[in-house]
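In: got a predicted structure here, sequence first:
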Number of protein chains: 2
Amino acid sequence: MNDAYARLAARFGRIGAIGEAAGILSWDASAMMPPGGGAARGEQLAALAGIRHDLLVAPELAEDLAAATAEGAWESANLRLMRHAHRRATALPTSLVEAIARANSACEKVWRIAKRDSDFAAVRPLLTEVVRLAREEAQAYGGVLGLAPYDALMDGFQPGVAAADVDPVFAAYETWLAEALPRAEAIQAARGPALPLPGPFPVAKQRELCAAMGATVGLDFAHARLDESLHPFCGGNPADIRITTFYDEANVAKALLGVLHETGHAMYERGLPEAFARQPVGEAAGMAAHESQSLIVEMQASRSDAFLRFLGGRLHEAFGGDAAPYQAVNLAKLWRRVERGFIRVDADEMTYPAHVILRFRLERAMIEGGLEVADLPGAWNEGLHRLLGITPPDDARGCLQDIHWHDGAFGYFPSYTLGAMAAAQLMAALRRAEPDLDAQLARGEMGPMMRWLGQAVHAQGARLGFQDLLRHATGKPLDPADFTAHLTARYLA
Amino acid sequence: MNDAYARLAARFGRIGAIGEAAGILSWDASAMMPPGGGAARGEQLAALAGIRHDLLVAPELAEDLAAATAEGAWESANLRLMRHAHRRATALPTSLVEAIARANSACEKVWRIAKRDSDFAAVRPLLTEVVRLAREEAQAYGGVLGLAPYDALMDGFQPGVAAADVDPVFAAYETWLAEALPRAEAIQAARGPALPLPGPFPVAKQRELCAAMGATVGLDFAHARLDESLHPFCGGNPADIRITTFYDEANVAKALLGVLHETGHAMYERGLPEAFARQPVGEAAGMAAHESQSLIVEMQASRSDAFLRFLGGRLHEAFGGDAAPYQAVNLAKLWRRVERGFIRVDADEMTYPAHVILRFRLERAMIEGGLEVADLPGAWNEGLHRLLGITPPDDARGCLQDIHWHDGAFGYFPSYTLGAMAAAQLMAALRRAEPDLDAQLARGEMGPMMRWLGQAVHAQGARLGFQDLLRHATGKPLDPADFTAHLTARYLA
């Protein structure tokens, strides 16, 4: 390492600290801020974003990037990521950044009403402008990074994964699902209906149980908070994690499984390498990697037969009443129900990828040409019918359901399913390393599992890309066979 | 206004937004942050402070300051304040700023233990270094601003007020107090003791009552929150005010009067001119001005006979039991008790200035020469004895009691008493404008009072200095006669 690298580490430390500041302010805006604070908060976040951008494109930083040398895997990776962040920041002219911010904000506002009214025509002109600008953005990033336009947008969420990697994986899943889904439905029907959980579930007790389950996963409340917001998320920074949930007195699963999901994200953040705090290499390896950590906790571990035995006991203890609905076999019927539905966020783990595959194909076609916004509702309905055999009754339950595109986010969707697949692959490797895993989960012990993930994934930061991280942790790059094997074991046995 | 002014307004808008961001993060650190988040929060706040400083000393900003012209009272004042902020920011070399930050932080840590152990010797070498650097700081600011060293430090808290303004005011008060205090004590003794308020006071009910009293003053919870922290304060920004308090089940007065105090600060922030949000002229006029707003609400209005009648009723309603302790006359005995004590923060409004006068004289002597740190305990005890006729039994209750000096803050203390005096002067003017004030207060109506203060003080931002603000609001500069008249009416009648 030379002086230029040392100066870069200091500069990126400041950039990272600004990012952390923005993270806490964003959490506050969702969980704490009085409604009247919104406009001022917008100014604060815009100022931080502007300063971050100014620091990233500063000529002195560019000079240091050109002159810097680094030795060792961590510092070399850090320098590579610094260069990447600088290239991305310089790719867009300020005028385009501002036009995108304005267009996204305008479209997102109209989308809220259009969704409520299921009125695609109302948002169509604004979404057309958003897509036009996203194409420009994709071209600009692609030019600087040497990537195809859609790949350049994906790179913003999960660096190092391209459409060409995803396409065959998704095609194979579509084929597998066409055969597997009817079989899973038949098995499910033969098992008969679930007993409903008796409610209501008082919020105070849910809050206590959720915090206890977070702690069971390993969340340390000396470095974390659990609060409430309309849309649950995990924010903050590795030393100070903020997870949120939403309590529904009628439905304990919503907050409980939500907190388990967010705790998976939180454990990743908490386990990032402290020696590289606020440095690019000290961050998570991307959104697919992040989603693998929430899903391995929520879907793989928490919904396993073993853990459901533990969880059912804790639920019955907390809420009392008849014990039968809290039996693991009944919780599995409730919380592992496969269903062809219209809504992605309500989907089970077997049909969820179909929703993602649909969006991946449509957004790629919108960015790279071949699909115009005016044709989106038709293409959506046709695509969903091909994948799941159902047709949305309206656009609210079709192409208007997600915020992503209407807020200018293209290239994010694949991360959900790449994360689900990676979670299955990691779980398979973990089971080989911890043959005793089910016995541990049945006792509510996630320590060994989280220690394994801590070493294999969390402590690696962004040193390795998505594929190399999987190679490091499981001995192979992404292999969707582990995911279909998991689904087969869980739903087709 | 020319282009240079417009560019400056944009630059200072960003600087102001960074200040707001830091304000929310500081509130969060006290009210929300898990303990493990402290080190990262330190990095975040240091990054924001560093960026703020870099923006303030940027050559392009200096060029615009040289070239800018402004018309109109507000823009002219804004430009004057911008130039002042730039001058202050350029006054200290980075090496001194860093040395001060390190020395203050080291001293503050040792002070916490030294105070607990009443061991002045333990903190003496660190405080000596803090004072040495504060002298350098005072010289540097003084040189740039054309002020005497101590005045240059005062300028950092209440611009435009110098030691020469304060000295005769404080000397006159010392003389007045020597005669008035024994009389007040005699009158108090003749009235007999107060009935204690029956407790305990459940925290949930206190919280509700405190929020209701904040709303009574005029606090709008669409733009404010009330939370808990060890040391109560008012933070946030004008659109999003965060006040905190500390609930003690045994003592309802602590939180209740504390919230009324902080609400006074909050109303000032909320009433600042929105058209100049995040601009220097859109900020409060200084710490003495700020303290006048908390004290006019807490001391002048809330502890008046009239308002105590209303407040007693609300307290009795909330906590029940015997009505007698909640009579205004008993609350006045409890909450307006004059007492020669050792501790500033526990002092009543008549003896409080004595504590401030002591500190003002000692800190001025430490900064301008004539008092060395080694001689501080003796000078303190001697000074307090001369002012109040009592001698602290140990340094914990003497020169170790306040954090200020041990954290490098010199020149702040006079603001407390200047604020108390300004509050009395504003109240006298308000009574002339609102002859019906007592009847309003007795009904718990603070609307007319707060509207008057809103116009006379809050809406003026920092357009006027402390003396001009008083001239604008009351027709004369600071006149301590209104304060002694208030004390005479309240304690010597």
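Out: Sure thing, it's come through.

In: show the average pLDDT along stretch A:326-337.
Out: For stretch A:326-337, the mean per-residue pLDDT is 97.

In: any figure for the gap between residue A:10 and residue A:379?
Out: Residue A:10 is 49 Å from residue A:379, where distance means CB to CB, to the nearest Å. In short, each C-beta sits where N, CA and C put it, glycine included.

In: what about these two, which has more around it?
Out: Legend: neighbour count by other CB atoms under 10 Å in any protein chain shown for residue A:10 and residue A:379, higher for residue A:379 (18 against 11).

In: can you report phi and psi for the more buried one?
Out: With angles defined as degrees, to the nearest 10, residue A:379 sits at phi -60, psi -40.

In: any idea how far chain B is from the nearest residue to residue A:161 once chain neighbours are set aside?
Out: For residue A:161, ignoring the flanking residues on the chain, the nearest one in space by CB to CB, 6 or more residues apart in numbering or on different chains is residue A:466 at 5.4 Å. Using CB to the nearest CB, to the nearest Å, residue A:466 is found at 26 Å from chain B.

In: so who does residue A:466 touch?
Out: Listed by CB atoms under 8 Å, 6 or more residues apart in numbering or on different chains, the contact partners of residue A:466 are A:158, A:159, A:160, A:161, A:285, A:286, A:288, A:289, A:418, A:422, A:478.

In: which PyMOL command selects the buried ones in those?
Out: Of those, the buried ones go into a single PyMOL selection, burial set by 16 or more other CB atoms under 10 Å in any protein chain shown:
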select buried, chain A and resi 158+159+160+161+285+286+288+289+418+422+478
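
In: format the contacts of residue A:466 as a markdown table; extra columns: secondary structure.
Out: What follows is these, written out as a markdown table (DSSP: H, G, I helix; E, B strand; the rest coil):
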| residue | secondary structure |
| --- | --- |
| A:158 | coil |
| A:159 | coil |
| A:160 | coil |
| A:161 | coil |
| A:285 | coil |
| A:286 | coil |
| A:288 | helix |
| A:289 | helix |
| A:418 | helix |
| A:422 | helix |
| A:478 | coil |
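
In: surely residue A:293 and residue A:264 touch.
Out: Yes - judged on CB atoms under 8 Å, residue A:293 makes contact with residue A:264 at a distance of 4.7 Å.

In: tell me how far the closest residue in space to residue A:276 that isn't next to it in sequence lies from residue A:78.
Out: Sequence neighbours aside, residue A:282 is the residue nearest to residue A:276 in space, at 3.1 Å (criterion: CB to CB, 6+ apart). Going from residue A:282 to residue A:78 by CB to CB gives 8 Å.

In: so between those two, which is more surrounded?
Out: For residue A:282 versus residue A:78, neighbours defined as other CB under 10 Å are more numerous around residue A:78 (26 against 22).

In: is it true that the more buried one touches residue A:70?
Out: Yes - with contact defined as CB under 8 Å, residue A:78 counts as touching residue A:70 (6.7 Å).

In: can you list contacts of stretch A:284-291?
Out: By CB under 8 Å, 6+ apart, the list of residues contacting stretch A:284-291 from outside reads A:157-161, A:265, A:268-269, A:272, A:412, A:414-416, A:418-420, A:422-423, A:457, A:460-462, A:464-466, A:469.

In: that stretch - what's its average pLDDT?
Out: The average pLDDT within stretch A:284-291 is 98.

In: next: stretch A:299-319.
Out: Across stretch A:299-319, the average pLDDT comes to 98.

In: run through who's touching it.
Out: A:197-198, A:201, A:205, A:208-209, A:212-213, A:252, A:256-257, A:260, A:323, A:326-328, A:330-332, A:335-336, A:349, A:420, A:423-424, A:426-427, A:437-444, A:446, A:449, A:486.

In: what ranges do the strands span in chain A?
Out: A:224-228, A:234-237, A:240-245 (DSSP state E).

In: show me the contacts for the residue of the stretch 251-400 of chain A found nearest chain B.
Out: For the stretch 251-400 of chain A, the residue closest to chain B is residue A:278, as judged by CB to the nearest CB, at 6.6 Å. Residue A:278 makes contacts with A:12, A:13, A:15, A:16, A:17, A:19, A:20, B:40, B:43, as judged by CB under 8 Å, 6+ apart.

In: now it: closest residue in space, sequence neighbours ignored.
Out: Sequence neighbours aside, residue A:16 is the residue nearest to residue A:278 in space, at 2.9 Å (criterion: CB to CB, 6+ apart).

In: so the one you found touches residue A:276, yeah?
Out: No - applying CB under 8 Å, one finds residue A:16 not in contact with residue A:276, separated by 9.4 Å.

In: who touches stretch A:159-172?
Out: Residues from elsewhere that reach stretch A:159-172 (CB under 8 Å, 6+ apart): A:84, A:147-148, A:150-151, A:154, A:286, A:288, A:353, A:356-357, A:360-361, A:364, A:414, A:417-418, A:421, A:465-467, A:478, A:480.

In: residues of the stretch 101-250 of chain A that sit close to chain B?
Out: A:220, A:221, A:222, A:223, A:224, A:225, A:236, A:237, A:238, A:239, A:240 (CB under 8 Å from any CB of the partner chain).

In: okay, these in a markdown table with neighbour count and pLDDT next?
Out: Shown next, in a markdown table, are these (neighbours: other CB atoms under 10 Å in any protein chain shown; pLDDT from 0 to 100):
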| residue | neighbour count | pLDDT |
| --- | --- | --- |
| A:220 | 14 | 98 |
| A:221 | 14 | 98 |
| A:222 | 11 | 98 |
| A:223 | 21 | 98 |
| A:224 | 25 | 98 |
| A:225 | 20 | 98 |
| A:236 | 25 | 98 |
| A:237 | 26 | 98 |
| A:238 | 25 | 98 |
| A:239 | 23 | 98 |
| A:240 | 30 | 98 |
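
In: closest one of those to residue A:107?
Out: Using CB to CB, residue A:236 comes nearest to residue A:107 of those, at 28.4 Å.

In: so that closest one sits right up against residue A:23, yeah?
Out: Yes - taking CB under 8 Å as the definition, residue A:236 is a contact partner of residue A:23 at 5.7 Å.

In: not counting its neighbours along the chain, what's nearest the residue most central in space within chain A?
Out: Geometric centre of chain A, nearest residue: residue A:291, 4.2 Å, by CA atoms, centre = their mean. Nearest residue to residue A:291, sequence neighbours excluded (CB to CB, 6+ apart): residue A:419, at 2.5 Å.

In: what sits against that neighbour?
Out: Contact partners of residue A:419, counting by CB under 8 Å, 6+ apart, are A:287, A:288, A:289, A:290, A:291, A:292, A:293, A:294, A:295.

In: cross those residues against helices and list the overlap.
Out: Within the contacts of residue A:419, residues falling in helices by DSSP state H are A:287, A:288, A:289, A:290, A:291, A:292, A:293, A:294, A:295.

In: pull the number of nearby residues for whichever residue of the stretch 351-493 of chain A sits closest to chain B.
Out: In the stretch 351-493 of chain A, the residue that lies nearest chain B is residue A:461 (15.7 Å; CB to the nearest CB). For residue A:461, the neighbour count with other CB under 10 Å is 27.

In: contacting residues around it?
Out: Neighbouring residues of residue A:461 by CB under 8 Å, 6+ apart: A:74, A:272, A:273, A:276, A:281, A:282, A:283, A:284, A:285.

In: between those, which is nearest residue A:404?
Out: Of all the contacts of residue A:461, residue A:284 has the smallest distance to residue A:404: 19.5 Å, by CB to CB.
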